[in-house]
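A.B. asks: Predicted model and sequence follow; I will ask about them next.
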Amino acid sequence: MELKPNNSAPVLTDSAPISKWRLSGCSGLFAYPAQGASFSSNLFLTIPRKKTGVLDDVRSSSWLDAMKSSSPPHKKFTKAINNEFASSDTDYAYRTWMLKHPSALISFEKIANHAKEKKIVLFLDYDGTLSPIVDNPDRAFMSNAMRHAVKMVAKYFPTAIISGRSLDKVYEFIGLTELYYAGSHGMDIMGPVRRYTPDDHQPHVWATDRQGKEVNLFQPASAFLPMIDEVSRSLVECTKDIKGAKVENNKFCVSVHYRNVDEKSWTMVAQCVHDVIKDFPLLRLTHGRKVLEVRPVIDWDKGKAVTFLLECLGLSNCNDVLPIYVGDDRTDEDAFKVIY
C-alpha cells in the first residue's frame, strides 16, 4: 500500500493525551534513548514488573501452560463442530461449551431482529476469521469467495479490518479499497476522514491512498518504531537456531510464532523472548494462537481501535448503531468488551 501524505497535514510524531482512554503512571526512566522520539507520560499503562525480569520464570508450568492454552482447538474437538456423528463424549463437551458460548449462526434470526432500524458497523479480524490458520503466516490467504463476500458487505455497511498484522501486510492480503484498516492491534489505523475542531488534540495525518481516496492515519505508538525494530532484529538473531520459530515484524509489534516448533523447544522460545525484552520496560508480552507478541506498553488495543473508528464515523454513543465484531483470538476479546 502506498500512501501519500497531504502537504497541509501535520506530521505525526507522538500521540497527544486522550484522557478517557489513558491509564496513568509509568516511570520516567526509559530504557531506550530513541533519537527524536518523544514519549508522553499519559500514554503508558502501569504493569507491575518483577525485579528478576519482564516475565515470570519461563520454566514455570504456569507460563508454559499459557502458551499451550493459546493453541487452536484439537482436531478432535474441531471435528465435533462440523460432524454430527462425532463421539458422544466429544459431542457432550462441545454442547456444554456451547451453553456458555452460543453460536452467532444459530442465533442469526435473533441478531437480525435486534439489528432492525439500526446502523450496522462491521469489524473483522483477519487470521482465523477471513483466512484459515496455516503453518506459514506468510501464506494465510483468504479465498476469492471470502473476498467477494467482504466486498459485498462493505457496499451496505461500514466495514473495517482490525488485525495484529501490519497494516501494509493485511491490506496486501485483502486488497479491497472499500474497507478501513487497523494493523498492529489497532496501533496503525487507516480510517475515515473526520474534520477536527481546533479544540480536538487527537493526532492525525490526512493522506490519500492509491485510488486517491482521502483517509485519516492514526499511529498512537509511532515513537516506539526504533525500539520495535531493534527488538525484532534481536529476536531474529536469538531464535535463528530454533527449528520452526518465525519472527514477524508487524511494524508496531513483533510476533514470535512457535506453531511449527516442537513442544519440547517451547521453553527455548520463551527464554529467547525473555532475554531480549527484559531490558525494555516500555514493552509488554501478550499471547495469541501459538504466537508471542511484543507490544508497546500503551493503553491501546483492538477495543480502542473500534472506539476510535466509531468516533471517526460519527457513530459513537448512538442508540441506533449496532457494531458487530467477528474474531477468533484472545486479542479480539478487547474489542468484544467494548461493544458488549
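C.D. replies: Right, received. Where do you want to start? For clarity, every value in this text was computed on a predicted model and none was experimentally measured.
A.B. asks: Got the phi and psi for residue 323?
C.D. replies: Note on residue 323: backbone dihedrals following degrees, to the nearest 10 are phi -80, psi 140.
A.B. asks: again with residue 247
C.D. replies: phi -110, psi 130.
A.B. asks: roughly how far apart are residue 272 and residue 98?
C.D. replies: To residue 98, residue 272 is 38 Å away according to Cβ to Cβ, to the nearest Å. Placement of C-beta: from N, CA and C, glycine included.
A.B. asks: Comparing these two, which residue is more hemmed in?
C.D. replies: residue 272 (23 against 12; other Cβ atoms under 10 Å).
A.B. asks: Can you verify that one is assigned to a helix?
C.D. replies: Yes. Under DSSP: H, G, I helix; E, B strand; the rest coil, residue 272 falls within a helix.
A.B. asks: close enough to count as contact, it and residue 241?
C.D. replies: No. With contact defined as Cβ atoms under 8 Å, residue 272 does not reach residue 241; the gap is 9.6 Å.
A.B. asks: Show me where the stretch 51-200 of the chain dips below the pLDDT cut-off.
C.D. replies: For the stretch 51-200 of the chain, the stretches with pLDDT under 70 are 51-63, 70-90, 193-200.
A.B. asks: So which residues of it form helices?
C.D. replies: 61-69, 75-82, 88-100, 108-114, 144-156, 167-174 (DSSP state H, counting those that start in this stretch).
A.B. asks: which residues touch residue 328?
C.D. replies: By Cβ atoms under 8 Å, 6 or more residues apart in numbering, residue 328 lies in contact with 125, 128-129, 289.
A.B. asks: of the residues you listed, closest to residue 119?
C.D. replies: Distance to residue 119, by Cβ to Cβ, is smallest for residue 125 among the contacts of residue 328, at 21.3 Å.
A.B. asks: hang on, the earlier thing: in TSV: the helices of the stretch 51-200 of the chain, plus distance to residue 319.
C.D. replies: What follows is the helices of the stretch 51-200 of the chain, written out as TSV (distance: least, Cβ to Cβ, whole Å):
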stretch	distance to residue 319
helix 61-69	38
helix 75-82	35
helix 88-100	28
helix 108-114	13
helix 144-156	20
helix 167-174	31
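A.B. asks: Go through those and name the closest to residue 254.
C.D. replies: The nearest among these, by Cβ to Cβ, is helix 167-174 at 13.2 Å.
A.B. asks: Could you give me the buried positions within that closest one?
C.D. replies: Of the residues in helix 167-174, 167-171, 173-174 count as buried by neighbour count, 16 or more other Cβ atoms under 10 Å.
A.B. asks: Any chance of CSV for these, columns distance to residue 251?
C.D. replies: Shown next, in CSV, are these (distance: Cβ to Cβ, whole Å):
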residue, distance to residue 251
167, 7
168, 8
169, 9
170, 11
171, 12
173, 15
174, 17
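A.B. asks: out of these, who's nearest residue 153?
C.D. replies: residue 174 (12.5 Å).
A.B. asks: Report the contact partners of that closest one.
C.D. replies: Contacts of residue 174 by Cβ under 8 Å, 6+ apart are 126, 130, 142, 147, 150, 161, 181.
A.B. asks: which one of those has the most neighbours?
C.D. replies: Top of the contacts of residue 174 by neighbour count (other Cβ under 10 Å): residue 161, with 25 neighbours.
A.B. asks: Pretty sure that one sits against residue 175.
C.D. replies: No. Counting by Cβ under 8 Å, residue 161 stays clear of residue 175, with 11.2 Å between them.
A.B. asks: picking up where we left off before, looking at the contacts of residue 174, which one is closest to residue 120?
C.D. replies: Nearest to residue 120 among the contacts of residue 174, with distances taken as Cβ to Cβ, is residue 150, at 14.1 Å.
A.B. asks: thinking residue 142 is in contact with residue 131, fair?
C.D. replies: Yes. With contact defined as Cβ under 8 Å, residue 142 reaches residue 131; the gap is 4.4 Å.
A.B. asks: Identify the contacts common to the two.
C.D. replies: Common neighbours of residue 142 and residue 131 (Cβ under 8 Å, 6+ apart) are residue 173.
A.B. asks: Can I get the buried part of the contacts of residue 328 as one PyMOL selection?
C.D. replies: Command for PyMOL that selects the buried part of those, burial taken from 16+ other Cβ under 10 Å:
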select buried, resi 125+128+129+289
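A.B. asks: Tabulate the contacts of residue 328 (JSON lines), appending distance to residue 329.
C.D. replies: Below are these laid out as JSON lines (distance: Cβ to Cβ, whole Å):
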{"residue": "125", "distance to residue 329": "7"}
{"residue": "128", "distance to residue 329": "6"}
{"residue": "129", "distance to residue 329": "8"}
{"residue": "289", "distance to residue 329": "6"}
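A.B. asks: mind checking which of the helices of the stretch 51-200 of the chain is nearest residue 263?
C.D. replies: helix 61-69 (7.9 Å).
A.B. asks: Tell me where this structure has strands.
C.D. replies: For the chain, the strands defined by DSSP state E occupy 4-5, 119-124, 159-162, 180-183, 188-191, 205-208, 214-218, 246-249, 254-257, 283-288, 291-296, 321-326.
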